[in-house]
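S.K.: I'll drop the sequence and a predicted model, then ask my questions.
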Amino acid sequence: MRKLIKHILLEEDSNNPLKNFFFKRWQNQRNKGLTPSIYDIRKLGLNQKRDEIIQYFVEFMGYGEINSRSEAIKKYLLNHTFTENEITDMKYLDNGKIKIKFTKVEFSEGYQNLNVLDLNIEFEVLSGSFYNNDEEETYNFSSDENPFEDFVSYWEFKDEIKNFVMGFVGTTLESFGFDINRHFDDIEIEWV
């Protein structure tokens, strides 16, 4: 039924080539097993159409009833799992693979400045792996699996993964039209 509705919407919007382009692009991403994204708006030279494209994205993802960017981001993050395809900083670990699920995404008014937002996020690592060149071994990790015997190494590794996820969250926020330095007072990310 959902496919039929999207097909009808595409036919109705045949006079809108921008919307058709992005709906086809996002459907191709979905067909390839990827999470549809809007990260390359600037690269495509369409930054001046960002707000319009974000609205198309919200519609495509089925978030039509949402009228705020923060709610659309919350729904986007909470309703999908993300891998190294989206968390591209995993490339800094040899053969780095990761699959995460966000469990909490909360926007609130800034504590120090009420004109900006605070963002509190929690995620769990469903699975992950990387190759350790020194030991010539592949390490597997998750929220339940710690491959390190040394707790200092574990906490440093955990901070590194949190930084990778923070980079992904930052890219997502900017893709939806936020300026992290202007719109946010504090962003907290926790691996649970």
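M.R.: Good, I have the coordinates. Numbers count the residues shown, from 1 in each chain.
S.K.: the helix or strand that Arg25 is a member of packs against which elements?
M.R.: Using DSSP states H and E, Arg25 sits in helix 17-31. Counting contacts by 3 or more Cβ pairs under 8 Å, 6 or more residues apart in numbering; DSSP states H and E, helix 17-31 packs against helix 2-12, helix 50-60. Where C-beta positions appear, they are placed from N, C-alpha and C, glycine not excepted.
S.K.: go again with 6 Å.
M.R.: Helices and strands touching helix 17-31, by 3 or more Cβ pairs under 6 Å, 6 or more residues apart in numbering; DSSP states H and E, are helix 50-60.
S.K.: and the lengthiest strand in the chain, how far out from the chain middle?
M.R.: If you go by DSSP state E, the chain has its longest strand at strand 117-132. Relative to the chain's own centre, strand 117-132 is displaced by 11 Å; criterion: Cα atoms, centre = their mean, to the nearest Å.
S.K.: contact partners of it?
M.R.: For strand 117-132, the external contacting residues (Cβ atoms under 6 Å, 6 or more residues apart in numbering) are 93-108, 110, 138-143, 165, 184-190, 192.
S.K.: buried members of these into ChimeraX, please.
M.R.: Selection of buried members from those for ChimeraX, criterion 16 or more other Cβ atoms under 10 Å:
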select :93,96,97,98,99,100,102,105,107,139,141,142,143,165,184,185,189
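S.K.: which ones are touching the residue located most distally from the centre of the chain?
M.R.: Computed with Cα atoms, centre = their mean, the residue of the chain farthest from its C-alpha average is Glu135, at 32.0 Å. By Cβ under 6 Å, 6+ apart, the contact list for Glu135 is empty.
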